[in-house]
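K.L.:
fold the stuff below for me.
(one chain, ligands or ions: 1)
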Amino acid sequence: MIRVCHLYPDLLNLYGDRGNIIAFQQRCRWRDLPVQVDSLNLGEKVDFQKYDFVFLGGGSDREQTLVSVDLMKRRDEFAAAIEDGLVVLAICGGFQLLGSYFMSRNGENIPCLDVLDFYTKAGERRLVGNVAIEVELNGSSFKVVGFENHSGLTFLGNNKPLGRVLSGNGNNGRDGLEGVRYKNVFGSYLHGPLLPKNVRLTDYLIGLCLERRGIKKELKPLDDSFEKRACEIMLRRMGLPGR
Ligand code: GLN
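P.N.:
Predicted coordinates:
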């Protein structure tokens with residue numbers, strides 16, 4: 001059984017972020033892999049160690065502040081589970097929360113988990129639009145598409161990005177980097193939602209969850225013709241060649 005924890009689904013769910021959970025769950029079901037999804041809301045108890053996959057979506061600065069107060073109380077257990085190989089996908093506001101701090105436009109500091117030592121500062125304008133990035137997993141690279149809408153500019157320092165920007169802005173519109181990658185943690189600005197649009201990444205996360213359960217097996221191939229076509233159309237719209 002793969003156990004999934006969806007953090008604050010009622011507060012962090014921008015631009016269809018919940019679709020990431022649906023896609024993850026459905027691609028497990030199609031392969032007869034049992035999966036259970038629990039939601040965690042403000043003030044509820046959680047034991048991160050019992051989960052394989054934790055998902056954190058995006059939210060406005062207001063929602064982010066509410067969530068950060070609650071999440072800070074569980075910071076140490078979350079950080080320990082990450083060190084222990086917990087698979088985490090964090091999108092936009094959720095991604096920002098993994099870093100050290102988020103300095104908002106009025107100079108207020110939204111406290112972040114400081115699980116990773118990158119930081120975010122609100123920029124002058126919102127970065128909005130389609131994005132394509134090149135991601136490398138297990139030595140092979142492929143294109144990932146999504147949609148971004150954020151004012152925060154993230155600077156990774158020495159952390160590794162999830163990918164390199166081919167079109168769009170990514171972390172800050174300057175350094176060509178998108179998202180963050182640490183152990184089994186994947187942070188990204190890509191709404192879209194990300195996983196239904198990029199099934200190779202989804203399957204990679206499912207594989208990591210199985211490994212965490214001690215199961216080593218090849219995932220049964222699925223018919224991804226619609227998903228691949230959708231991805232190709234988005235790449236073409238951005239003026240990029242297909243995969
Ligand atoms: N509040 C953050 C920003 O604008 C995150 C927005 C989001 O999750 N889309 O930078």
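
K.L.:
show me the contacts for residue 165.
P.N.:
Residue 165 sits next to 131, 132, 133, 176, 177, 178 when contact means C-beta atoms under 8 Å, 6 or more residues apart in numbering. C-betas here are computed from N, CA, C, even on glycine.

K.L.:
farthest pair in these?
P.N.:
Taking C-beta to C-beta as the measure, those span a maximum distance of 13.8 Å, between 132 and 177.

K.L.:
what about those two, which has more around it?
P.N.:
Using other C-beta atoms under 10 Å as the criterion, residue 132 and residue 177 rank with residue 132 on top: 23 against 20.

K.L.:
secondary structure element holding that one?
P.N.:
Residue 132 is located in strand 119-137, with elements delineated by DSSP states H and E.

K.L.:
within its sheet, name the partner strands of that strand and how each one runs.
P.N.:
Taking DSSP bridges as the criterion, strand 119-137 sits next to strand 101-103 (parallel), strand 140-155 (antiparallel), strand 163-167 (antiparallel) in its sheet.

K.L.:
quick one: the strands in the protein?
P.N.:
2-7, 35-40, 53-56, 87-91, 101-103, 109-111, 119-137, 140-155, 163-167, 177-178, 180-182, 185-188 (DSSP state E).

K.L.:
and the second one, average pLDDT?
P.N.:
What strand 35-40 shows for mean pLDDT is 97.

K.L.:
in its sheet, which strands sit next to it, and in what direction?
P.N.:
strand 2-7 (parallel).

K.L.:
likewise the fourth one?
P.N.:
For strand 87-91, the pairing partners within the sheet under DSSP bridges are strand 53-56 (parallel), strand 185-188 (parallel).

K.L.:
give me the contacts around it.
P.N.:
14, 17, 20, 52-58, 82, 97-98, 184-191, 193-195, 205, 208-209, 212.

K.L.:
contacting residues around the residue in the chain positioned nearest to the ligand?
P.N.:
When scored by C-beta to the nearest ligand atom, the chain has residue 58 as its residue closest to the ligand, at 2.5 Å. With contacts defined as C-beta under 8 Å, 6+ apart, residue 58 is in contact with 12, 13, 14, 15, 17, 91, 92, 93, 94, 95, 150, 191.

K.L.:
and the residues you listed, which are buried?
P.N.:
Among the contacts of residue 58, those classed as buried by 16 or more other C-beta atoms under 10 Å are 12, 13, 14, 15, 17, 91, 92, 93, 94, 95, 150, 191.

K.L.:
from those, list the ones also adjacent to the ligand.
P.N.:
Contacts with the ligand within the buried ones among the contacts of residue 58, as defined by C-beta under 6 Å from any ligand atom: 14, 92, 93, 150.

K.L.:
which of these fall in helices?
P.N.:
When DSSP state H defines the helices, the subset of these inside them is residue 93.

K.L.:
among the ones next to the ligand among the buried ones among the contacts of residue 58, show me the least confident.
P.N.:
On pLDDT alone, residue 14 ranks lowest of those, at 90.

K.L.:
now do the same contact list for it.
P.N.:
57, 58, 59, 60, 91, 92, 93, 149, 191.

K.L.:
the residue located most distally from the centre of the chain and residue 169, how far apart?
P.N.:
In the chain, counting by C-alpha atoms, centre = their mean, residue 106 sits farthest out from the average C-alpha position, at 26.5 Å. As for residue 106, its distance to residue 169 is 22 Å (criterion: C-beta to C-beta, to the nearest Å).

K.L.:
again, but for residue 4
P.N.:
Taking C-beta to C-beta, one finds residue 4 at 29 Å from residue 169.

K.L.:
wait, doesn't residue 206 sit right on residue 29?
P.N.:
No - with contacts counted by C-beta atoms under 8 Å, residue 206 stays clear of residue 29, the gap being 11.0 Å.

K.L.:
alright, calling it a day.
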